[in-house]
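Asker: for reference, the sequence and a predicted model appear below.
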Amino acid sequence: MRVRHSKNTLKDSIWLYKMERISIFNYEAFYLDFLEGNLSKEDTVLLQEFLEANPDLKMQDESLIGFDTEEIVLDSSSKEQLKQSSMEDEITTENVSFFMISDAEGLLDGSKSKELELFIGHDKQLAREKELYAKVYFKPDESVVFADKDSLKRKSTIVLWPYISAAAAACVIAFFLVWSSQDNGGIRNNNETPVVAEDTKKIQQEQRQNSFPSDEVGEKETKNNSSENPNSEGSKPVENSQQNINEEQIEVPAVQVLEKRRPKNLITTLDEKQIEPIARRVYLNPVSVGTQQDYAMLHFSEMDNPIEPITKMISKQTNSEVEFRRAKKSKNKPHGFFLKIGKFELSRKKH
Amino acid sequence: MTAKEYNVAVENYSDNIFRFALKHLSNEMSAKDIVQETFTKVWIKHEEVSYDKVKSYLFTTAYHAIVDWVKKEKRSGDIEHVEETAKTPSSVFDVRDVLTTALNKLPETQKSLVLLRDYEGYSYAEIGEIMGLSEAQVKVYIFRARKALKEYIKRLDLVI
């Protein structure tokens, strides 16, 4: 008994739950689903039960049910509109509109156009139709213009940064150039006689003279001894060599400011011999050579000059050497740059 | 497309876009807004659009802007007022005004097709490209629109 009672209670509660699903607020949605055939059988039963329980809604319901979908038909003209004609079709009263529109659109070729003319013939109604089709075209009103065109236009932007950076670089170079020329004061380098190269050469010559016997002199002596008559005037090799040396010394251009200095680390077998001090320019700056060595570590050949036209121009105008090089950082080499303006040299390495 | 070419496009096509929008919306202020919006969108993409294609790109952008505008206005209900003002031609006997009224009765798609065809002389394929339709669809819609327009002026013709 208790079990049966509990079963009935469960059924009632399910029925109540289902009945609650359909209410006066949502029954229309269920009904539309029913009309479209989307309502399940279970819900259809529930909807019928709901409508029976609410007879006041039945009138509206009946009016909806009474609407026979089979009565909804598409009229013949609409059906005709859906039909597709082709240009190859024969012109008939059913498709004449299609050919009239095609003619107005400029899609008909000469023969089909003539066929259409023949078909229309003296039919005033068709002629009027054709005339009307020709009228349903629009021409733009040229007087209607958009007045505020300037508000739409955009100003073109010129990328100035390459020019600005080039100008800045030129200014920096010019500054260094002016600064270096002021800093040098009275000691100006003569471009025609490179200082470092000349001095190095001279020192080497003087060292050769002092560090005798040299191979070259020895060879000369041997040659003189072998090819010439020892009784002749040139048979005094020592005197000749000394004379040659003296001549070479005379050929060395005069240096205004000289410092006499005893050569250091000069290896010679004639240490006992009185060695004459060599002449050396005072203003030879070893720092600059050192800088160039540092610079060489920056892989000079791999360094580029991004402002080559500018440096060339300045070099030409100032008649002095102007060079700028830079190297980008990589695994093997550091980032750095090198700037040379006349005698002034500046280099920097960054790791 | 460079800035210079873009400015040339403004000079050449802004009137066309304005007339196209005005015919659609029958509202000068809204048509101007459409022109502004169209050119702003094209400027954003000007580096990707070549000058040869800019005209169709402008009309595509304008068309979508008009469709969005119509949807928005329909939701707010303002479109009814626009349609009402567009319904009243200055002279009943003026065929141009009658046609404009008839045009405003067409669905938006057909209206755009007719305007692109008549105002700009675009081919069916080009119109299809602008409006995202096939060439066959364009042809069918244009034929329907012509027929509808003809029926409208024929009705008035009988009354007159």
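Answerer: Arrived safely, thanks for sending. Numbers count the residues shown, from 1 in each chain, chains lettered A, B, ... in the order given.

Asker: find the residue closest to residue 120 in space, skipping its chain neighbours.
Answerer: In the absence of a named chain, chain A is used. residue A:126 (4.5 Å; Cβ to Cβ, 6 or more residues apart in numbering or on different chains). All C-beta atoms are positioned from the backbone trio N, CA, C, and that covers glycine.

Asker: chain B is the one I meant
Answerer: Nearest to residue B:120 is residue B:16, by Cβ to Cβ, 6+ apart, at 6.5 Å.

Asker: for that neighbour, give me its contacts.
Answerer: A:140, B:59, B:119, B:120 (Cβ atoms under 8 Å, 6 or more residues apart in numbering or on different chains).

Asker: widest-spaced pair of the residues you listed?
Answerer: A:140 and B:59 (13.3 Å; Cβ to Cβ).

Asker: which one's more surrounded, these two?
Answerer: Shown here are residue A:140 and residue B:59; by other Cβ atoms under 10 Å in any protein chain shown, residue B:59 has more neighbours (26 against 15).

Asker: helix or strand for the more buried one, just tell me which one.
Answerer: Using DSSP states H and E, residue B:59 falls within helix B:54-76.

Asker: what's in contact with that helix?
Answerer: By Cβ under 8 Å, 6+ apart, helix B:54-76 touches B:1, B:5-6, B:9, B:12-13, B:16-17, B:20-21, B:24-25, B:30, B:33-35, B:37-39, B:41-42, B:45, B:49, B:79, B:82, B:108, B:112, B:116, B:120, B:122, B:126, B:129-131.

Asker: re the thing from before, so the residue nearest to residue A:120 touches residue A:118, yeah?
Answerer: No. Here residue A:126 does not reach residue A:118: they are 11.4 Å apart, not a contact under Cβ atoms under 8 Å.

Asker: who has more neighbours out of these two?
Answerer: A direct count of neighbours by other Cβ under 10 Å for residue A:126 and residue A:118 places residue A:126 higher, at 17 against 9.

Asker: still on that earlier bit, among the contacts of helix B:54-76, name the ones in helices.
Answerer: B:5-6, B:9, B:12-13, B:16-17, B:20-21, B:24-25, B:30, B:33-35, B:37-39, B:41-42, B:79, B:82, B:108, B:112, B:116, B:120, B:126, B:129-131 (DSSP state H).

Asker: next, the buried residues of the longest helix seen in chain B.
Answerer: In chain B, assigned by DSSP H, the helix with the most residues is helix B:135-159. Across helix B:135-159, burial judged by 16 or more other Cβ atoms under 10 Å in any protein chain shown covers B:137-150, B:152-154.

Asker: ok, and of these, which contact chain A?
Answerer: The subset of the buried residues of helix B:135-159 within reach of chain A, by Cβ under 8 Å from any Cβ of the partner chain, is B:140, B:142, B:143, B:144, B:146, B:147, B:149, B:150, B:153, B:154.

Asker: from these, pick the one nearest residue A:57.
Answerer: Nearest member of those to residue A:57, counting by Cβ to Cβ, is residue B:144, at 41.6 Å.

Asker: you'd agree that closest one is up against residue B:109?
Answerer: No. Assessed by Cβ under 8 Å, residue B:144 is found out of contact with residue B:109, at 10.0 Å.

Asker: re the thing from before, quick one: the residue nearest to residue A:120 and chain B, what's the gap?
Answerer: Separation of residue A:126 from chain B (Cβ to the nearest Cβ, to the nearest Å) stands at 13 Å.

Asker: could you look up the SS state of that residue?
Answerer: Assigned with DSSP: H, G, I helix; E, B strand; the rest coil, residue A:126 falls in the helix class.

Asker: might you report the residue contacts of residue 118?
Answerer: Looking at chain A here, since you left the chain open. Residue A:118 neighbours (Cβ under 8 Å, 6+ apart): none.

Asker: um, chain B though
Answerer: So residue B:118 contacts A:137, A:138, A:139, A:140 (Cβ under 8 Å, 6+ apart).

Asker: filter those residues by proximity to chain B?
Answerer: Applying Cβ under 8 Å from any Cβ to the contacts of residue B:118, those adjacent to chain B are A:137, A:138, A:139, A:140.

Asker: what is the neighbour count of the residue nearest to residue B:51 when sequence neighbours are not counted?
Answerer: Spatially, and ignoring its direct neighbours in sequence, residue B:51 is nearest to residue B:5 (4.4 Å; Cβ to Cβ, 6+ apart). Residue B:5 has 15 neighbouring residues, counting by other Cβ under 10 Å.

Asker: pLDDT wise, what is residue B:5 at?
Answerer: pLDDT for residue B:5: 89.

Asker: remind me, longest helix of chain A?
Answerer: Under DSSP H, chain A gives helix A:161-184 as its longest helix.

Asker: quick check: residues of the stretch 1-150 of chain A near chain B?
Answerer: A:81, A:84, A:97-98, A:101, A:104-105, A:129, A:132-133, A:135-141, A:144-146, A:148-149.

Asker: please repeat the previous calculation with a cut-off of 6 Å.
Answerer: A:101, A:132, A:133, A:136, A:137, A:138, A:140, A:144, A:145, A:146, A:149 (Cβ under 6 Å from any Cβ of the partner chain).

Asker: got a markdown table for those residues, with distance to residue A:342, pLDDT and secondary structure too?
Answerer: Output for those, formatted as a markdown table (distance: Cβ to Cβ, whole Å; pLDDT from 0 to 100; DSSP: H, G, I helix; E, B strand; the rest coil):
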| residue | distance to residue A:342 | pLDDT | secondary structure |
| --- | --- | --- | --- |
| A:101 | 87 | 91 | helix |
| A:132 | 92 | 89 | helix |
| A:133 | 89 | 91 | helix |
| A:136 | 86 | 89 | coil |
| A:137 | 81 | 91 | coil |
| A:138 | 78 | 88 | coil |
| A:140 | 72 | 85 | coil |
| A:144 | 71 | 85 | coil |
| A:145 | 66 | 87 | coil |
| A:146 | 63 | 88 | coil |
| A:149 | 58 | 84 | helix |
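
Asker: and chain B, what are its domains?
Answerer: B:1-87, B:89-160 (automatic domain parsing).

Asker: what about residue A:87, which SS state?
Answerer: coil.

Asker: if we ignore the residues flanking it in sequence, what's nearest it?
Answerer: residue A:112 (6.3 Å).

Asker: just residue A:104 next, same as before
Answerer: residue A:133 (4.7 Å).

Asker: what's near enough to touch the one you found?
Answerer: A:100, A:101, A:104, B:150 (Cβ atoms under 6 Å, 6 or more residues apart in numbering or on different chains).

Asker: burial count for residue B:7?
Answerer: Neighbours of residue B:7 using other Cβ under 10 Å come to 17.

Asker: quick one: it and chain A, what's the gap?
Answerer: For residue B:7 relative to chain A (Cβ to the nearest Cβ), the value is 5 Å.

Asker: isn't that residue up against residue A:155?
Answerer: No. Between residue B:7 and residue A:155 there is no contact under Cβ atoms under 6 Å: 8.9 Å.

Asker: nice, that's everything, thank you.
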